[in-house]
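> Turn this into a model:
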Amino acid sequence: MNKLQAMEVFIQVVDCGSFTKAADMLNLPKATVSTLIQTLESTLAVKLLHRTTRQVMITSDGAAYYERCVQILADVRDAEESLSRHRLSPGGRLRVDTPTGLASEILIPALPAFFERYPDITLELGSTDRPVDLVEEGVDCAVRGGELFDPNLIARRIGVINFLTAASPGYIARHGMPQHPRELDRHRCVNYFSAKTGKISKWDFTRDGERIEVALPGTIALNDSNAYVHAGLAGLGIINITDYLLDQHIAAGRMVQLLPEWHVDPLPVHIVYPQNRHLSAKVRVFVEWISELFANHPNLRLQAPRAAAPAAQIQEETV
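Numbering: from 1, shown residues only. Below you'll find the predicted structure:
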């Protein structure tokens, strides 16, 4: 038995939840996939998978073995990359996760330049405002906004996100324009809730040292940034969202900025990856490329030298 091939097959079966789908992904006969898993279980003398006619479920021993297999194969690929004469042009599958608005408005429009520079990389781009588990979901790196508290992640701060408050002209014509944050509770506001906790985000504003935090009642709450912007465009209420998602709509007259003298605290943006994974060449070049992308974007670049995060919260590394 080719042990590394068996590990790769095992990982694919777990990821797909199916022998048939794994065989299709690996371009192998289903019988070969089944035989490799059976031989692997026999060699290890443990049950890795529970099989039924409808589904494949991983055992506790299988889950532990899966994590080791992922790491072992990653180390093998890294070793091969380091010796390859093509190491200056890294290739292979790269799995990245980003927030939805950032993906659609910033990252995807810039990707042609990335692929021109690194044509041998195959990118799998996850786009969700839900914080994914990088190890469990097989993600190489992710872009995250906000403070980080996961000690299992290495992070590099690449920029900031700034916010604007706005509403559609139709909404303003019907309900008027607030002049102060404390007037917002008399308006319809579109709320944003965490996909992880379900908690509604509070709105905070500062001006000349005065700070106001308000929790606003609303008729709708969303957990997707693109859907959130469309709610504002539809006139459902006042929204508070990242400026790069609003700028084009404000310039076109589809939205009107409100409370321009009041500011919302900017949100730090990091690119993160698991601390127990050696940084492969393909991840390294993506980190450098997206750092460059943020540094050249007027809405996202760091405005001041970044401060190191507390060690108890997050490990931060320059890569």
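> The host helix or strand of Pro112: what's the following helix or strand?
Assessed by DSSP states H and E, Pro112 sits inside helix 108-117. Note on helix 108-117: by DSSP H and E, the next helix or strand toward the C-terminus is strand 121-127.
> So what are the sheet partners of that next one and their directions?
strand 92-98 (parallel) (DSSP bridges).
> so where do the helices sit in the stretch 101-250 of the chain?
Listed in chain order, the helices of the stretch 101-250 of the chain (DSSP state H, counting those that start in this stretch) span 108-117, 169-175, 225-233, 243-251.
> Name the residues of the helix holding Pro112 that are buried.
By neighbour count with 16 or more other C-beta atoms under 10 Å, helix 108-117 contains the buried residues Phe114. No exception for glycine: its C-beta is placed from N, CA and C like everyone else's.
> which secondary structure elements does that helix contact?
strand 121-127, helix 281-295 (3 or more C-beta pairs under 8 Å, 6 or more residues apart in numbering; DSSP states H and E).
> tell me which residues form a beta bridge with the residue minimising distance to the centre of the chain?
The C-alpha lying nearest the average C-alpha coordinate of the chain belongs to Thr98 (C-alpha atoms, centre = their mean; 2.8 Å). Listed by DSSP bridges, the beta-bridge partners for Thr98 are Ser127.
> Quick check: the gap between it and Asp75.
Going from Thr98 to Asp75 by C-beta to C-beta, to the nearest Å gives 26 Å.
> now, of the helices and strands packed on helix 108-117, which is deepest in the fold?
Mean neighbours per residue, mean count of other C-beta atoms under 10 Å, is largest over these for helix 281-295, with a mean of 19.
> That helix packs against which elements?
The contact analysis (3+ C-beta pairs under 8 Å, 6+ apart) places helix 281-295 against helix 60-83, strand 92-98, helix 108-117, strand 121-127, strand 141-145, strand 153-161, strand 267-274.
> okay, those, which one's buried deepest?
It is strand 141-145: most buried of the helices and strands packed on helix 281-295 by mean count of other C-beta under 10 Å, with a mean of 23.
> Taking strand 121-127 as reference, get the angle to that strand.
Angle of strand 141-145 versus strand 121-127, following axes from the mean of the first three to the mean of the last three C-alpha atoms, to 10 degrees, is 40 degrees.
> and strand 141-145, average pLDDT?
For strand 141-145, the mean pLDDT works out to 90.
> That strand: how far from the chain's middle?
Strand 141-145 sits 4 Å away from the centroid of its parent chain (C-alpha atoms, centre = their mean, to the nearest Å).
> picking up where we left off before, mind giving me JSON lines with the helices of the stretch 101-250 of the chain and columns for mean pLDDT and distance to Val160?
Converted to JSON lines, the helices of the stretch 101-250 of the chain look like this (pLDDT from 0 to 100; distance: least, C-beta to C-beta, whole Å):
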{"stretch": "helix 108-117", "mean pLDDT": "95", "distance to Val160": "18"}
{"stretch": "helix 169-175", "mean pLDDT": "96", "distance to Val160": "28"}
{"stretch": "helix 225-233", "mean pLDDT": "95", "distance to Val160": "16"}
{"stretch": "helix 243-251", "mean pLDDT": "94", "distance to Val160": "11"}
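> Among those helices, which comes closest to Val70?
Nearest of those to Val70, taken as C-beta to C-beta: helix 108-117 at 24.9 Å.
> Need the residues that contact the closest one.
The contact list for helix 108-117, computed with C-beta atoms under 8 Å, 6 or more residues apart in numbering, reads 121, 123, 125, 285-286, 289, 293.
> wait, which of the residues you listed is closest to Met177?
The nearest one, if we look at those relative to Met177 and count by C-beta to C-beta, is Leu293, at 35.1 Å.
> does the closest one really touch Ile106, like I thought?
Yes. With contact defined as C-beta atoms under 8 Å, Leu293 reaches Ile106; the gap is 7.2 Å.
> For stretch 198-207, measure first residue to last.
Stretch 198-207 stretches 29 Å from its first residue to its last (C-alpha to C-alpha, to the nearest Å).
> Ok, stretch 91-103 next?
For stretch 91-103, by C-alpha to C-alpha, the gap between its terminal residues amounts to 21 Å.
> now Pro131, nearest residue through space, not along the chain?
Spatial nearest neighbour of Pro131, excluding adjacent residues (C-beta to C-beta, 6 or more residues apart in numbering): Lys196 at 5.6 Å.
> Could you break the chain into its assigned domains?
The chain breaks down into these domains under automatic domain parsing: 3-83, 92-160+267-316, 163-258.
> got the end-to-end distance for the last one?
Across domain 163-258, the terminal residues are separated by 11 Å (C-alpha to C-alpha).
> So what's the gap between it and the chain middle?
Counting by C-alpha atoms, centre = their mean, domain 163-258 comes out at 23 Å from the chain centroid.
> and if you look at the second one?
Remark: domain 92-160+267-316 is offset 7 Å from the chain centroid, using C-alpha atoms, centre = their mean.
> Show the low-confidence segments of the stretch 101-250 of the chain, by residue range.
Residues of the stretch 101-250 of the chain meeting the criterion pLDDT under 70: none.
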